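J.: Provided below for reference: sequence and predicted model.
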Amino acid sequence: MKKIGLAFGAAALVVAGALGGTTAYADVQGGIKAGVLTCNVSSGWGVVFGSSRDLRCVYQPLKGSPEHYVGHITKYGIDIGYTQGGVIVWAVFAPSNLAPGALGDGYAGATASATVGVGAGVNALVGGFKNSITLQPVSIEGNTGLNIAGGIAAMRLKYSR
């Protein structure tokens, strides 16, 4: 039991470290805040070397109407346990305001999470048109279950009219 507690403690440090580095990363990328992307994540099992979960997302640009996206997020690395569905919220940074449907593409970046009952995670991602869009965590991913994960995340979004 002590080893499990140490593992979750280590994962919490990874989450904190990942959160601390995301702002600096967006500063390097440049761009303006174009809006906020909120995704509902399906529940599922982590199977040691990774997991994949479905997403239903709403992008609210700073100017304009909400846009809907569907997709999935896949985590590569350590991912052990089960989590119920959760919500992830990202600030969207881009070189300029985005045209409708512009978030529909692939993204990649770092991920870390720890859950014992109620947990938290972070996913900082870059992708979109010529890797010019940065998704910075606005709030920590909220989920419930028993899980530990860390590694690389890949996400694919498809514009859903």
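T.: Received the coordinates, thanks.

J.: phi, psi for N131 please.
T.: Main-chain dihedrals, N131, degrees, to the nearest 10: phi 50, psi 40.

J.: distance check, it against G101.
T.: 17 Å (CB to CB, to the nearest Å). In this view, the C-beta of every residue, glycine as well, is placed from N, C-alpha and C.

J.: what's the answer for K158, then?
T.: For K158 relative to G101 (CB to CB), the value is 9 Å.

J.: do the same with L55
T.: 16 Å.

J.: which of those two has more neighbours?
T.: Set L55 next to G101 and count neighbours by other CB atoms under 10 Å: L55 wins out with 19 against 15.

J.: so what sits opposite W90 in the bridge?
T.: L37, P137 (DSSP bridges).

J.: wait, it sits on G127?
T.: No - using CB atoms under 8 Å, W90 is not in contact with G127, being 11.6 Å away.

J.: joint contacts of the two?
T.: L135 (CB atoms under 8 Å, 6 or more residues apart in numbering).

J.: between these two, which is the more surrounded one?
T.: Neighbour totals were compared for W90 and G127, and W90 leads with 27 against 20 (other CB under 10 Å).

J.: could you report the separation of that one from I78?
T.: The value you get for W90 to I78, if CB to CB is used, is 23 Å.

J.: how about G35?
T.: Distance from G35 to I78, by CB to CB: 32 Å.

J.: looking at these two, which one has more neighbours?
T.: When G35 is set against I78 and neighbours are counted by other CB under 10 Å, the residue ahead is G35, at 20 against 16.

J.: look up how far V89 lies from the more buried one.
T.: Counting by CB to CB - G35 and V89 are separated by 11 Å.
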